[in-house]
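1. can't give you the sequence, but here's the structure:
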């Protein structure tokens with residue numbers, strides 16, 4: 001452990017033990033027990049603010065993970081979020097949720113995410129090695145009793161299932177997958193499909209030597225993406241090349257997630273089973289900028305805030321979701337702990353793009369939690385961009 005890592009871990013242990021007043025537990029806005037386990041969640045980008053009302057309307061993507069013998073669904077939930085303060089709410093719930101659409105899905109929904117250029121298109125990775133693309137606006141809101149699954153496209157290439165998908169934020173229709181077969185597949189859905197709506201992968205990347213857990217496109221470089229895998233490596237790729245750009249032995253155990261900073265083009269974060277998060281400058285990958293010791297045996301997720309370039313959210317194998325302020329990295333970077341009350345592993349979380357500090361997360365006991373930080377001092381000091 002380096003001196004920097006030691007300082008971070010020591011500071012964080014003091015924070016969680018209550019010796020540091022920076023720790024603040026969030027007020028839980030809403031907890032919903034789903035009918036079936038979901039291991040994926042993402043806010044859709046649209047928001048409606050009815051005139052004269054004190055709430056906004058949002059949509060949330062979920063997907064069931066019920067096993068092969070049960071019917072599975074891609075879900076679209078409508079979420080009403082109050083703008084009132086907690087002490088002004090009286091007896092009204094601050095969040096109301098309604099499952100607006102249940103779309104028949106073949107196999108478990110391992111991952112679901114929308115196309116940023118066309119949010120009507122949602123891609124899912126199922127448990128039968130296929131990536132399915134649905135136009136959810138063309139699907140019936142009530143599932144067909146026949147249980148037929150009718151995606152617009154079926155993307156072929158992986159030979160095993162997987163849990164990573166990412167749409168290119170710049171090039172419309174480009175999508176990549178992370179598979180347990182050690183490969184990454186790239187498709188262009190603008191390609192003319194064969195009969196049955198099938199599109200084969202245009203490129204398959206093969207440098208990892210173990211399960212690939214996560215993939216993410218760079219937010220501002222249209223040909224660059226990163227991957228995280230069980231081989232303890234993070235790889236940076238350029239689709240114009242036939243090989244990787246950079247290979248980083250980034251952790252001492254499996255790498256489960258990575259996140260490019262949407263505001264600072266050279267900054268990357270990774271999350272690992274080795275109980276740490278790491279922050280990197282992709283121009284100088286020979287060493288970490290920071291290594292942050294966490295309190296989870298496994299860090300499943302790490303995501304930069306879309307509203308502040310200094311803030312990270314992480315979650316994993318305990319019932320907490322952590323917020324980290326990297327402007328305090330030489331002291332204690334832990335700015336807040338969301339007391340999730342999940343009671344199980346947190347598999348996925350998502351920042352809302354329209355409401356700062358509003359986060360959804362899903363866990364192993366079929367809980368969906370939606371919360372927003374109370375108006376604590378650190379929010380003002382972090383200069384959140386609205």
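-> Nice, I can see it. From a predicted model like this one, the values you see are computed outputs, not experimental measurements.
2. Please count neighbours and contacts with C-alpha atoms only from this point.
-> Will do.
3. I'd assumed residue 38 was in contact with residue 361.
-> No - in this structure, residue 361 is not within contact of residue 38 by Cα atoms under 8 Å, at 9.7 Å.
4. Neighbour count: these two, which is higher?
-> residue 38 (30 against 25; other Cα atoms under 10 Å).
5. State the pLDDT value of the more buried one.
-> On pLDDT, residue 38 comes in at 97.
6. Name the residues linked to it by a beta bridge.
-> Applying DSSP bridges to residue 38 gives these bridge partners: residue 64.
7. Ok, residue 257 next?
-> Assessed by DSSP bridges, residue 257 has beta-bridge partners residue 271.
8. Residue 293 and residue 53, how far apart?
-> For residue 293, the distance to residue 53 equals 43 Å [Cα to Cα, to the nearest Å].
9. For these two, indicate the residue with more neighbours.
-> residue 293 (20 against 9).
10. right, and the more buried one touches residue 273 too?
-> No - using Cα under 8 Å, residue 293 is not in contact with residue 273; the gap is 11.2 Å.
11. Could you say which helix or strand holds residue 56?
-> strand 55-64 (DSSP states H and E).
12. Can you name every helix or strand that that strand contacts?
-> strand 38-48, strand 72-82, strand 109-115 (3 or more Cα pairs under 8 Å, 6 or more residues apart in numbering; DSSP states H and E).
13. Same question for the second one: list its buried residues.
-> In other words, strand 72-82. Neighbour-count burial for strand 72-82 flags 72, 73, 74, 75, 76, 77, 78, 79, 80, 81, 82 (criterion: 16 or more other Cα atoms under 10 Å).
14. what mean pLDDT does it have?
-> According to the model, strand 72-82 has a mean pLDDT of 96.
15. Now do the helix or strand that comes right after it against strand 55-64: the angle between them, please.
-> Using DSSP H and E, the helix or strand that follows strand 72-82 in sequence is strand 95-105. Relative orientation of strand 95-105 and strand 55-64, computed by axes from the mean of the first three to the mean of the last three Cα atoms, to 10 degrees: 40 degrees.
16. So for strand 95-105, mean pLDDT?
-> 95.
17. Specify the angle between that strand and strand 72-82 in degrees.
-> On the basis of the same axes, to 10 degrees, strand 95-105 is oriented at 160 degrees to strand 72-82.
18. So what are the sheet partners of strand 95-105 and their directions?
-> Strand 95-105 is paired, per DSSP bridges, with strand 72-82 (antiparallel).
19. quick check: angle from the strand it pairs with to strand 109-115?
-> 60 degrees.
20. can you list contacts of strand 72-82?
-> 54-66, 94-109, 112 (Cα atoms under 8 Å, 6 or more residues apart in numbering).
21. Run the chain-centre distance for that strand.
-> The chain centroid and the centroid of strand 72-82 are separated by 16 Å, computed with Cα atoms, centre = their mean, to the nearest Å.
22. coming back round to it: will you turn the helices and strands packed on strand 55-64 into CSV that also has distance to residue 236?
-> Below are those laid out as CSV (distance: least, Cα to Cα, whole Å):
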stretch, distance to residue 236
strand 38-48, 24
strand 72-82, 31
strand 109-115, 21
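23. Residue 139 is nearest to which of the ones you listed?
-> Nearest to residue 139 among the helices and strands packed on strand 55-64 is strand 72-82; the distance by Cα to Cα comes to 10.6 Å.
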